[in-house]
Structure formats: C-alpha cells, structure tokens
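Asker: Mind folding the following:
(one chain, ligands or ions: 1)
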Amino acid sequence: MSAQIIDGRACARTLKQSLEADVARLRAEGLGIGLATVVVGDEYSSTAYERRLRRLADELGVPYSPRELPADVGQDELLACIGELNAEPSVSGILILRPLPSHVDESVVFRAIDPCKDVEAVHPDNAGLLALGVPRFVPSTAASCFHLLDTWLDSVGEDRAEFYHRCLIVVVGRSNNVGKPAISLGYERQATVSSVDEWADRTTGIGRHTRWADVLIVAAGKAGLIKAEHVGENAVVIDVGINGATGRDGKVRMIGDVDYDSVASRARALTPVPGGVGPVTDVWLLRNTVTAARLLAGQRIEQALPALPVARTAQVRTLQEKS
Ligand SMILES: Nc1nc(=O)c2c([nH]1)NC[C@@H]1CN(c3ccc(C(=O)N[C@@H](CCC(=O)O)C(=O)O)cc3)C=[N+]21
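Answerer: Got it, this is the predicted structure:
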C-alpha cells in the first residue's frame, strides 16, 4: 500500500484565503494589525522562516517590522528591544525566532513579551493556558500539525471526534515549541497521547512505542529518524522536521525527520517535507496576529478567534500523482 500524501500547500492556500478575509474584516472595523519579528544572529532555519513571514505579511498588506540583532547581543539589549515592541501600538504580534544564543536566558526573554502580543505562546501565561486546555494562542507549528490532521480527516470522511477518541497519538520529541504543545492539543481532542524522544531510540528502541501509533507526530530534529519499521500500516504520519541534507550533486535540500520513501510504502497517510507542515505554519502565525490585534482592541478571546475554514475539497494526492 502506498500512503496518501497530505498536501500542506493546498491546506495553507485555503487557510490563507480565510486569513485574507479576517484581515479585511479587521480593517473594515478600523482595527490596526502589525507583526514584529526578532532574529538574533543568522541561523539558517530562522532566517528562512523570517523571509517567509515577511513575504506573507507583505502579500496580506500587514505592516511588518523585522528586528535583527547580532549573535553576541547582550540580554539587556534584547530585553530593551522587546520592551520597545511591547510599547509600540502599531505592533500587535511579536515573534522571537529560535534558536537564541546560549548566553541569553530564554525563559527571561520570553517572560518579557506582552502576553497579548505573544503570538507563539512562549510566555508562561500563554504556555499555561494551553496546557490547561484554554489557549489564548495556539503555537503555530503544533497548530499546523493538527490543522492538517483535522483537514485530512474531513477529506477522507472520518468523523473527527470519533477518530480522536479511539486514537493513540505518539509525539516524538519533547521541545517546548512543538512536542509539548502537540501533546496538549492531543489531550484537548481526547486522544490517548504518549511522548518519546531520541533517548528511547538509544535505549529500548523507538519502534517499541511508535509502531502502535494511529497518529505519529515527529519533531525530533533528526533527519531520517523514522523508517518503515517504526510505523504501523494504519498510521498517519506528520513530519515536522526541517533538516538540510547535502545530495551527491553537492546541493543542499530540505528533508524531514521521516525517511519519506520507506514510510510512504507502509503508512496510511504522510506529510511531505517540503510542502507539509511548513507552509501552514506561517499562515497560522499571521492568524494568531489577527487574534492579538483583536485582544489588544479589548475584545474577549471568544470574539477574537478567527473562524477556521471548512475543508471542501480533498487535499490529498496519491504517491503516484506526486512523482
Ligand atoms: N519561534 C520560532 N518559531 C518557529 O516556528 C520557528 C523558529 N522560531 N525558528 C526557525 C524555525 C523554522 N521554521 C520554518 C517554518 C516553515 C518553513 C517552511 O514553510 N518551509 C517550506 C519550504 C520552503 C523551501 O522549500 O525553502 C516547506 O516546508 O514547504 C520552514 C521553516 C519555523 N521555525
């Protein structure tokens, strides 16, 4: 059997259309919106993501303020920059790109962000609200995983509630920005959730845990970690990994944490890299920025959350169609 490919680009396009409508509605109501990003140093994946956000903000006509700080920036200087963005009325969302250099204390930096502008939910107030199941902002990468899953379930005619209730979700990787939020989102859907990381791989073997997963979310940051032998035949596999790999021709291409070809020959469905989780992430971040703009205008969270688009078309292709 070959896996269905879950098309992140198609999903992102639909989400972007509804985001355009959300931004237009904000304008019609006379509310301002703006996104600020802070990049420290010039790490490959954060500058790549920053460029995507810049382009999307530009396409949507959302004012965008990029801040670039040198890799050796002092913590106080970084805190001062966040203070300015907190105080700036034209900025509704603030994203601090990861990773931060090791000499700055991430938890101090994240605590300095105005919780209503914290579109990645890194401030402890927002991380706590998410863990309690009442999120203000859902962090964009974990949100993308579940938005892809929800959309895929709609497209194959599975009832979401029924599917998640009898579902074992295994999350590989325990990072604060992906693994932990993904676990909270799994709980919220009343799935059974388990969490493993590469230590399980080094000790008892990761397959002992991952083979039973109905949904396998892989966010370990390790290229090719998950192979066919690690997944069950009915598994839906969501690959969060963004790794650079140098091919025989010397060119660097992007690959995920999942060994694509082998898993595609076994699993039920799979997100590709590129073209899977990534493209939904930046649209989700701008969506959170709309929510922030509404919260800053004094709206309650129930009013501030944009509606999600309903999946109308099947956003999946077969492996044959892709190649
Ligand atoms: N606080 C924080 N939050 C993040 O979410 C965050 C971060 N820091 N630091 C850097 C990483 C990296 N990241 C990417 C998101 C989407 C694509 C993406 O959409 N990539 C396209 C590929 C585009 C191409 O082919 O070049 C795709 O997957 O199809 C890539 C990278 C978010 N990150």
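
Asker: In stretch 16-36, which residues are buried?
Answerer: Buried residues in stretch 16-36, counted by 16 or more other CB atoms under 10 Å: 16, 18-19, 22-23, 26, 31, 33-36. Just so you know, the C-beta spots here come from the backbone N, C-alpha and C atoms, and that holds for glycine as well.

Asker: In PDB, please show the C-alpha coordinates belonging to it.
Answerer: Taking C-alpha atoms only, stretch 16-36 is exported to PDB below (Å, rounded to 0.1, in the frame of the first residue of the first chain):
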ATOM      1  CA  LYS A  16      -4.700  31.900   3.700                       C
ATOM      2  CA  GLN A  17      -8.000  32.800   1.900                       C
ATOM      3  CA  SER A  18      -9.800  32.900   5.200                       C
ATOM      4  CA  LEU A  19      -6.900  34.900   6.700                       C
ATOM      5  CA  GLU A  20      -7.300  37.500   3.900                       C
ATOM      6  CA  ALA A  21     -11.000  37.800   4.800                       C
ATOM      7  CA  ASP A  22     -10.000  38.100   8.500                       C
ATOM      8  CA  VAL A  23      -7.600  40.900   7.800                       C
ATOM      9  CA  ALA A  24     -10.100  42.700   5.600                       C
ATOM     10  CA  ARG A  25     -12.700  42.500   8.400                       C
ATOM     11  CA  LEU A  26     -10.200  44.000  10.900                       C
ATOM     12  CA  ARG A  27      -9.600  46.900   8.500                       C
ATOM     13  CA  ALA A  28     -13.300  47.400   8.000                       C
ATOM     14  CA  GLU A  29     -13.700  47.700  11.800                       C
ATOM     15  CA  GLY A  30     -10.900  50.200  11.900                       C
ATOM     16  CA  LEU A  31      -8.600  48.000  13.900                       C
ATOM     17  CA  GLY A  32      -4.800  48.000  13.300                       C
ATOM     18  CA  ILE A  33      -2.600  45.000  12.900                       C
ATOM     19  CA  GLY A  34       1.200  44.600  12.700                       C
ATOM     20  CA  LEU A  35       3.800  41.800  13.100                       C
ATOM     21  CA  ALA A  36       7.300  42.200  14.500                       C
END
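
Asker: Let me know the secondary structure of the closest residue to the ligand within the chain.
Answerer: Taking CB to the nearest ligand atom, the ligand has its nearest neighbour within the chain at residue 278, 2.2 Å off. Of the three states, residue 278 takes helix under DSSP: H, G, I helix; E, B strand; the rest coil.

Asker: how near is it to residue 212?
Answerer: Taking CB to CB, to the nearest Å as the measure, residue 278 falls 27 Å from residue 212.

Asker: try residue 39
Answerer: In terms of CB to CB, residue 39 sits 40 Å off from residue 212.

Asker: more crowded one of these two?
Answerer: residue 39 (19 against 15; other CB atoms under 10 Å).

Asker: what about the residue nearest to residue 145 when sequence neighbours are not counted, neighbour count?
Answerer: Nearest residue to residue 145, sequence neighbours excluded (CB to CB, 6 or more residues apart in numbering): residue 238, at 4.8 Å. Residue 238 has 28 neighbours, counted by other CB under 10 Å.

Asker: try residue 309
Answerer: Residue 309: 17 neighbours (other CB under 10 Å).

Asker: What pLDDT is listed against the residue of the chain closest to the ligand?
Answerer: On the pLDDT scale, residue 278 is placed at 97.

Asker: wait, what's in contact with it?
Answerer: 8, 144, 242 (CB atoms under 8 Å, 6 or more residues apart in numbering).

Asker: Keep only those of those that are also close to the ligand.
Answerer: Applying CB under 6 Å from any ligand atom, the subset of these adjacent to the ligand comprises residue 242.

Asker: Just give me the least confident of the contacts of residue 278.
Answerer: Minimum confidence in the contacts of residue 278 sits at residue 242, scoring 90.

Asker: Look at the closest residue in space to it that isn't next to it in sequence and say how many residues are nearby.
Answerer: Here the nearest residue to residue 242 in space, its sequence neighbours aside, is residue 45; by CB to CB, 6+ apart that works out to 5.7 Å. Residues lying near residue 45 (other CB under 10 Å) number 15.

Asker: What residues sit buried inside the strand or helix carrying residue 45?
Answerer: Assigned by DSSP states H and E, residue 45 belongs to helix 44-60. Residues 46, 49-50, 53, 56-57, 60 are the ones in helix 44-60 that count as buried (16+ other CB under 10 Å).

Asker: counting contacts, what elements does that helix pack onto?
Answerer: Judged by 3 or more CB pairs under 8 Å, 6 or more residues apart in numbering; DSSP states H and E, helix 44-60 is in contact with helix 8-28, strand 35-40, strand 64-69, helix 277-296.

Asker: That helix and the ligand in contact?
Answerer: Yes. With CB under 6 Å from any ligand atom as the criterion, the ligand is reached by helix 44-60 at 45-46, 48-49, 52.
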